[in-house]
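Peer 1: Need the 3D shape of this:
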Amino acid sequence: MKRVAFDHCVGWLHAGPGATGVVLCAPWGHEAMWSHRAWRHLAADLASAGMPVLRFDYPGCGDSAGSDEGPDRLSACAHSIVRAAQTLRAHTGVERVVLCGLRLGATLAVLAAEAMAADGGQRPDGLILLAPPVTGRTYLRELRALQRSWCNNAIPDIPVAPPCDGSCEVLGYRLPSDAVALLESLRLERRATCPAPRVLLLDAWPGAGSPVAALAGRYRAQGAQVTRLDFDEYPAMMRSAENSSVPEHAWQQIAQWLGPAASVARRGQPACDVPDDAVLRLEGTVERPVWLDGGRQFGVLCTPEDGGETTGTAVLFPNTGGNHHVGDCRLFVTLSRQLAHAGVAALRLDVSALGDSPLAARTMRIAALYGEQPWRDVAAAAVWLKARGYRRVVAAGVCSGGFIALQAALAAAPIDGLVLANLLKFRWDSCGGDKGANAEAQAGAEADVDAEPQSTRVYLAAARKPAQWLRLLRGEIDPWPHAAALARRLLSSRAGAEPGTQDLDVYAREAMHSLQRRGVRVDLLYGAGDIGLEEARARFGRHLEALAPMSGIRAHVLTRLDHSLFLAESRAQFAACLMRHLAASGAPVAATSTSSLAASSAA
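Peer 2: Here you go, the predicted model:
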């Protein structure tokens with residue numbers, strides 16, 4: 001696969017010899033993050049079957065330029081699909097194009113197909129709509145329900161006011177008010193015509209009253225050849241990236257539906273070659289795709305427009321959980337660009353098993369995120385940055401990203417500073433007892449939104465909310481897993497140290513002393529209700545007093561810092577801490593105020 005750029009959008013071209021190409025139209029927000037691995041492997045599967053595939057980030061999404069602010073967001077995304085189809089034709093010479101969209105991407109694919117037909121251009125030869133939200137109002141209702149569930153279950157101790165400007169926020173992503181208004185009125189089954197002669201629909205909620213079935217009937221009545229299939233694997237795919245699985249059967253069905261087109265080779269040569277690099281030049285910054293560690297890892301290096309190598313400082317952002325390099329809510333994208341404006345380079349990294357790295361795994365276990373290879377990958381990335389001339393490397397990570405950065409630094413990687421948010425553990429087996437199953441269960445703090453292991457404080461805060469008791473009485477909550485977890489937590493704290501606790505205390509304290517001796521500055525950020533803070537207190541004392549004698553190790557406990565930094569305030573606090581860390585380390589960032597960086601990171 002090759003990196004491509006067009007109209008300030010970036011993506012990947014998966015080559016194939018066929019005359020029919022496919023443009024993948026990604027879902028929006030958290031669904032794009034959760035399904036990224038499945039989406040990447042769908043592109044690879046279709047290319048292996050002979051079809052060129054282009055997958056890309058919409059404007060204001062992923063690695064592309066822009067933000068989620070501004071008018072006509074949905075129109076801009078639909079237009080980018082039209083341009084993606086043109087780019088696919090130009091780079092490969094395909095004669096036919098099929099648009100394949102997932103969730104909101106399916107809606108955008110329909111809008112793009114209509115625009116292609118209306119402009120007198122080449123309309124798509126087929127549409128593949130995966131779990132399409134047939135009515136925008138239902139889609140928005142689902143998003144708001146997920147946001148309420150997260151607020152009630154993950155952060156009951158942090159009050160969150162719903163937006164009052166007509167926008168919709170879910171897990172840190174924001175649909176502006178005009179996009180919400182458009183979706184409220186959008187119903188695919190009421191569109192005037194079907195914009196493609198062939199349509200494949202995968203129905204995630206089949207059965208009586210299925211809106212996808214109604215849409216299929218509507219398209220058939222408009223003269224299209226329609227195939228509707230069940231999408232039973234959808235729930236297993238649409239989960240946090242650590243637990244998300246590739247829907248193998250569904251992807252095979254898509255390849256089979258496209259099969260006749262895949263068997264036809266295109267005539268002649270591609271209209272133009274794909275450039276080796278896809279450099280994105282933004283105001284004041286330049287972003288380059290890079291492959292490092294012998295081509296095993298992929299990253300995006302963001303530097304000041306004037307070069308940036310002279311500053312001597314680079315920030316390294318490892319993956320958070322199973323997410324790819326952009327980070328939840330585009331945190332690492334936004335921070336990279338703000339840092340480049342301040343004169344500091346940044347590398348958004350995909351370790352070898354994740355994201356867009358060449359050999360990214362098709363399946364995943366949480367244990368793999370905390371294993372040896374990821375921190376070795378981070379160490380190799382730090383070596384790569386030093387080899388490019390950066391005198392200082394600061395690694396900044398969230399939860400498991402912080403863990404692998406810490407382990408790399410402890411293994412003497414050339415890392416000069418660490419900014420670690422909600423570090424869940426200091427050693428993989430730090431749960432004691434069953435070092436495999438228990439450790440993996442606790443590491444699920446980056447797993448499904450409704451299944452995050454919580455601190456005692458969070459469990460008790462949830463129990464004090466009347467709304468939670470009403471949900472319990474309505475049968476919306478299964479109380480037993482939560483009650484059992486809280487009981488284990490309380491009994492454990494009263495029973496005293498578990499087997500191996502003393503060893504873990506020694507390990508964690510010696511780790512901090514080791515970094516202190518080597519001059520590695522460390523900032524530890526914890527939410528007041530985060531389970532990672534309980535681990536830190538178990539190792540360093542209730543008030544983290546064991547860290548006090550170490551001048552280079554600082555801990556910060558913040559009342560409005562959620563675990564995954566979904567809250568804009570949480571991202572702003574992480575950004576502010578990183579900026580202070582860099583300034584204290586001598587990076588020339590003082591001219592850019594902490595508050596302006598924080599405000600930008602919250603966008």
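
Peer 1: So for E535, what's the pLDDT?
Peer 2: Looking at E535, its pLDDT stands at 96.

Peer 1: Confirm it sits in a helix?
Peer 2: Yes. Counting by DSSP: H, G, I helix; E, B strand; the rest coil, E535 is found in a helix.

Peer 1: can you list the weak-confidence ranges in the stretch 101-250 of the chain?
Peer 2: Within the stretch 101-250 of the chain, the stretches with pLDDT under 70 are 121.

Peer 1: Check whether L111 really touches S80, as I assumed.
Peer 2: No. Counting by Cβ atoms under 8 Å, L111 stays clear of S80, with 11.1 Å between them. Glycine gets a C-beta too; all of them are placed from N, C-alpha and C.

Peer 1: neighbour count winner among the two?
Peer 2: Legend: neighbour count by other Cβ atoms under 10 Å for L111 and S80, higher for S80 (26 against 23).

Peer 1: wouldn't the more buried one be in contact with F56 here?
Peer 2: Yes. With contact defined as Cβ under 8 Å, S80 counts as touching F56 (7.3 Å).

Peer 1: where do the contact lists of these two overlap?
Peer 2: Residues touching both S80 and F56 (Cβ atoms under 8 Å, 6 or more residues apart in numbering): C9.

Peer 1: Give me the residue ranges of the stretch 451-600 of the chain where confidence is low.
Peer 2: Residues of the stretch 451-600 of the chain that meet the criterion pLDDT under 70 lie in 451-501, 590-600.

Peer 1: Please give the centre-to-centre distance between stretch 300-318 and its chain.
Peer 2: Taking the mean of its C-alpha atoms, stretch 300-318 sits 22 Å from the chain's own mean (Cα atoms, centre = their mean, to the nearest Å).

Peer 1: What is the end-to-end distance of it?
Peer 2: End-to-end distance of stretch 300-318 (Cα to Cα, to the nearest Å): 11 Å.

Peer 1: And for stretch 222-238?
Peer 2: Distance across stretch 222-238, first residue to last, is 31 Å (Cα to Cα).

Peer 1: what's in contact with that stretch?
Peer 2: 31, 34-35, 38, 130-131, 193-194, 196-204, 206, 212-213, 216, 219-220, 244-250, 253, 257.

Peer 1: Which residue ranges of the stretch 301-450 of the chain form helices?
Peer 2: Using DSSP state H, counting those that start in this stretch, the helices of the stretch 301-450 of the chain run over residues 331-341, 366-369, 372-387, 400-410, 437-442.

Peer 1: Quick check: buried residues in the third one?
Peer 2: Meaning helix 372-387. For helix 372-387, a neighbour-count test (16 or more other Cβ atoms under 10 Å) marks 374-386 as buried.

Peer 1: Point out the other helices and strands that that helix packs with.
Peer 2: Contact here means 3 or more Cβ pairs under 8 Å, 6 or more residues apart in numbering; DSSP states H and E; on that basis helix 372-387 packs against strand 285-292, strand 297-304, strand 313-317, strand 345-350, strand 392-398, helix 400-410.

Peer 1: hmm, back to that, buried ones among the contacts of stretch 222-238?
Peer 2: Among the contacts of stretch 222-238, those classed as buried by 16+ other Cβ under 10 Å are 31, 34-35, 38, 130-131, 194, 196, 198-204, 212-213, 216, 219, 244, 246-247, 250, 253, 257.

Peer 1: Tell me which entries of these lie within strands.
Peer 2: Using DSSP state E, the subset of the buried ones among the contacts of stretch 222-238 located in strands is L130, R198, V199, L200, L201, L202, D203.

Peer 1: if we take these, which one ends up nearest to R362?
Peer 2: Nearest to R362 among these, counting by Cβ to Cβ, is L130 at 18.4 Å.

Peer 1: Which strand residues bridge that closest one?
Peer 2: For L130, the beta-bridge partners are L102, L202 (DSSP bridges).

Peer 1: tell me the contacts of it?
Peer 2: C100, G101, L102, R103, G105, A106, L202, A204, F231, Y234, A250.

Peer 1: how about TSV for these, with distance to R337 added?
Peer 2: Below are the contacts of L130 laid out as TSV (distance: Cβ to Cβ, whole Å):
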residue	distance to R337
C100	30
G101	28
L102	27
R103	27
G105	24
A106	30
L202	36
A204	35
F231	36
Y234	34
A250	36
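
Peer 1: Can you select the buried ones among those for me in ChimeraX?
Peer 2: Restricted to buried positions by 16+ other Cβ under 10 Å, the ChimeraX selection for the contacts of L130 reads:
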select :100,101,102,103,105,106,202,204,231,234,250
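
Peer 1: Pick the one among the contacts of L130 closest to D165.
Peer 2: The shortest approach to D165 among those belongs to R103, at 23.9 Å (Cβ to Cβ).

Peer 1: The closest one is in contact with G136, isn't it?
Peer 2: No. If you go by Cβ under 8 Å, R103 and G136 don't touch, sitting 11.7 Å apart.

Peer 1: State the next helix or strand along the chain beyond the one helix or strand T138 maps to.
Peer 2: Element membership for T138 (DSSP states H and E) is helix 136-153. Moving toward the C-terminus from helix 136-153, the next helix or strand (DSSP H and E) is strand 168-170.

Peer 1: Could you list every helix and strand in contact with that following strand?
Peer 2: Applying 3+ Cβ pairs under 8 Å, 6+ apart, one finds that strand 168-170 makes contact with helix 136-153, strand 173-175.

Peer 1: which outside residues touch it?
Peer 2: With contact meaning Cβ under 8 Å, 6+ apart, strand 168-170 is reached by 29-30, 140, 143-144, 146-147, 150, 162-163, 174-175, 179-180.

Peer 1: ok, for I415, nearest residue in space, not its chain neighbours?
Peer 2: Nearest residue to I415, sequence neighbours excluded (Cβ to Cβ, 6 or more residues apart in numbering): A409, at 4.3 Å.

Peer 1: Model confidence at that neighbour, what's the number?
Peer 2: 99.

Peer 1: Would you check that N323 makes contact with H36?
Peer 2: Yes. Between N323 and H36 a contact is recorded at 7.4 Å, counting by Cβ under 8 Å.

Peer 1: anything in contact with each of the two?
Peer 2: Common neighbours of N323 and H36 are listed as A241, G355 (criterion: Cβ under 8 Å, 6+ apart).

Peer 1: Quick one: distance of stretch 30-40 to the chain centre.
Peer 2: Centroid displacement of stretch 30-40 relative to its chain, using Cα atoms, centre = their mean, is 8 Å.

Peer 1: for stretch 502-522, that is, sorry about that
Peer 2: Taking Cα atoms, centre = their mean, one finds the center of stretch 502-522 at 30 Å from the center of the full chain.

Peer 1: Comparing the helices and strands packed on strand 168-170, which comes out most buried?
Peer 2: Across the helices and strands packed on strand 168-170, the average number of neighbours (mean count of other Cβ atoms under 10 Å) peaks for strand 173-175, which reaches a mean of 22.

Peer 1: Which neighbouring elements make contact with the helix or strand just after that one?
Peer 2: Under the assignment DSSP H and E, the closest C-terminal helix or strand after strand 173-175 is helix 177-185. For helix 177-185, the packing partners by 3+ Cβ pairs under 8 Å, 6+ apart come out as helix 73-92, helix 136-153.

Peer 1: okay, those in a markdown table with distance to A5 next?
Peer 2: Output for the helices and strands packed on helix 177-185, formatted as a markdown table (distance: least, Cβ to Cβ, whole Å):
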| stretch | distance to A5 |
| --- | --- |
| helix 73-92 | 9 |
| helix 136-153 | 30 |
